[in-house]
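Participant: my questions are about this predicted structure, shown below with the sequence.
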Amino acid sequence: MDKLDSMAAVCDFDPIAGKIPATKVEITVSLVVLYTQGVETKQWREFGRTEVIDNTLDPDFVRKYILDYFFEEKQNLRFDVYDIDSKSPDLAKHDFLGQVFCTLGEIVGSPASRLEKPLGTGGQLARHSSGGMPDTKCGTIILSAEELGNCREVATMQFCAHKLDKKDFFGKSDPFMVFYRSNEDGTCTICHKTEVVKNTLNPVWQAISIPVRALCNGDFDRTIKAEVYDWDRDGSHDFIGEFTTSYRDLSRGQSQFNVYEVSGEEGRVGGRALTQFVSQRHTDKTENNIINQTKNISNRPQSTSLHYMNPYQMNAYAMALKAVGEIIQDYDSDKMFPALGFGAKLPPDGQVSHEFPLNGNIENPYCNGMEGILQAYHQSLKTVQLYGPTNFAPVVNHVAKYAAAVQDGSQYFVLLIITDGVISDMAQTKEAIVNAAKLPMSIIIVGVGQAEFDAMVELDGDDIRISSRGKLAERDIVQFVPFRDYMDRTGNHVLSMARLAKDVLAEIPEQLILYMKSRGIKPCLLPPLNEEPGPEDQDHAQTTPV
């Protein structure tokens, strides 16, 4: 297990105890130190460090971070980059180059699960080192995530080479090997480097042990690329050649040698590589899925109600929106969300509406991120008159109309309803939900205030599957929670919001996968990152693989 210990461990990452993660994801970074933030304490804790790479402005690190991934939580991450000047583990003795803040969901929810962000200093250079200017341009960091298969085996193999191409004018080459795992988007991720064997064209490298999931993520036929270089002290290593293989091909060489031609530049043969391989095999395929989001707000006709905007703290509606929305928005590519209200009289004639755009724009109800939704919500309270009854069916049918148009697995819709009233159109809502259960969508209902929400429990359908006109819902797509059950007694609203989001979002991944499996829809490969999106992909592209 010594080799496994070189990867950052996951044992100390537990912001809220007792949780079962949706999966594990592997984070590839071009940086040095990763910090995670506790949900309750908000304190940053060092999670792990990459190895140090000498003499380069474009490092590609081998060591990865293995994190437990919780879809229903906001997992804050911080990446700090340093220029290492000595062997001291004290970061204060090294030059701070910059940092990036993001969430794990933001990485997973990015196109191809690959996030590129500029490094910033935040004025910290003065604190971390004696050199540099604060808030200067520090370069870019690239983060990528891939779900890890359940393959727990470790591959043990030993490589040697014969008659490698000579790259040094005086003396022989100093060869080493670099291994890359191919990703589903066509890119490659470095997964191992051998040691350098000095002054030889026939090197024999030490046996290596590497997790099979790091080598190929449990996919035996995934391409593995190996490159051979001649080491140079200044970091400008000379390329000798490369070859490709797969875990399946490598495993055929148990107790004997596999031989590969090392192809150099312009197709020249740069020598031969031989490997002897020993490993046990076991794997599970992973799944990639897609989520879309729509938000809706229920308004009630009470001037001193839960809609009251206290200048010093958010009201219950805003807290529920922010708690759920800040997590789920990471899985939308353009962060543009349609936000609707229901239960209000609209200007200029006072007509009662149960599905109106919060921003007042019928043609374009989209809001820019959570801040845009909250701004539209607050603005709508100044222009509409809160009015009953509380009807859910119109907004459920509104979202179902869009979900019905996209049933190929490319999009999945989540409808968030926040209400402080007793539902008025129970029969119509049950029928709408039964019909929606056949579509790629889920419904989250958050009840705020002290009203009786017994009817909402019936809609939830955890104990008894909801039915209408003698027809059972195909699957359970509704999750209801009363916000009052999550209010922290000490008044810690951050903790209240984290608890709420954790419970209401926990069922979404299972609901999504159940729909996809029932339709025989399998995850599809993404196009390479360098492909330009077509015109049909540019109009409110609201789906992102996770």
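Facilitator: Looks like it came in fine.

Participant: tell me the phi and psi of the nearest residue to His237 once chain neighbours are set aside?
Facilitator: Among residues not flanking His237 along the chain, Tyr229 sits closest, at 4.2 Å (C-beta to C-beta, 6 or more residues apart in numbering). Every residue, glycine included, has its C-beta placed from N, CA and C. Backbone torsions of Tyr229, given as degrees, to the nearest 10, read phi -130, psi 160.

Participant: same deal with Gln313?
Facilitator: Given degrees, to the nearest 10, the pair of backbone angles that Gln313 has is phi -160, psi 160.

Participant: tell me the contacts of it?
Facilitator: His493 (C-beta atoms under 8 Å, 6 or more residues apart in numbering).

Participant: need the pLDDT of the nearest residue to Lys335 once chain neighbours are set aside.
Facilitator: What sits nearest to Lys335 in space, not counting adjacent residues and going by C-beta to C-beta, 6+ apart, is Gly369, at 4.5 Å. In this model, Gly369 is scored at 87, pLDDT.

Participant: ok, now how distant is Gly369 from Leu358?
Facilitator: Going from Gly369 to Leu358 by C-beta to C-beta, to the nearest Å gives 14 Å.

Participant: who has more neighbours, those two?
Facilitator: Leu358 (27 against 16; other C-beta atoms under 10 Å).

Participant: how near is that one to Ala318?
Facilitator: Here Leu358 is placed at a distance of 12 Å from Ala318 (C-beta to C-beta).

Participant: between those two, which contacts overlap?
Facilitator: With contacts defined as C-beta under 8 Å, 6+ apart, the residues shared by Leu358 and Ala318 are Tyr377.

Participant: re the thing from before, so the residue nearest to Lys335 is in contact with Ile328, correct?
Facilitator: No - counting by C-beta atoms under 8 Å, Gly369 does not reach Ile328; the two are 11.6 Å apart.

Participant: report the beta-bridge partners for the nearest residue in space to Tyr366 that is not next to it in sequence.
Facilitator: Spatial nearest neighbour of Tyr366, chain neighbours left out: Met336 (4.3 Å); criterion: C-beta to C-beta, 6+ apart. With DSSP bridges as the criterion, Met336 is bridged to Asn368.

Participant: could you check the pLDDT of the residue nearest to Glu452 when sequence neighbours are not counted?
Facilitator: Sequence neighbours aside, Val422 is the residue nearest to Glu452 in space, at 6.3 Å (criterion: C-beta to C-beta, 6+ apart). On the pLDDT scale, Val422 is placed at 76.

Participant: how about the one 10 residues further on?
Facilitator: Looking at Ala432, its pLDDT stands at 96.

Participant: look at it and tell me its secondary structure.
Facilitator: helix (DSSP: H, G, I helix; E, B strand; the rest coil).

Participant: which residues does the closest residue to it other than its chain neighbours contact?
Facilitator: What sits nearest to Ala432 in space, not counting adjacent residues and going by C-beta to C-beta, 6+ apart, is Val396, at 4.0 Å. Residues near Val396 by C-beta under 8 Å, 6+ apart: 415, 429, 432-433, 436, 443.

Participant: got the CA positions of the host helix or strand of Val396 in CSV?
Facilitator: Assessed by DSSP states H and E, Val396 sits inside helix 393-404. Taking C-alpha atoms only, helix 393-404 is exported to CSV below (Å, rounded to 0.1, in the frame of the first residue of the first chain):
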residue,chain,number,x,y,z
ALA,A,393,-50.7,22.2,-11.1
PRO,A,394,-50.0,25.1,-13.5
VAL,A,395,-46.2,25.3,-12.7
VAL,A,396,-45.9,21.5,-12.7
ASN,A,397,-47.5,21.3,-16.1
HIS,A,398,-45.4,24.3,-17.2
VAL,A,399,-42.1,22.4,-16.6
ALA,A,400,-43.6,19.1,-17.8
LYS,A,401,-44.2,20.7,-21.2
TYR,A,402,-40.5,21.3,-21.6
ALA,A,403,-39.5,18.0,-20.2
ALA,A,404,-41.9,16.2,-22.6
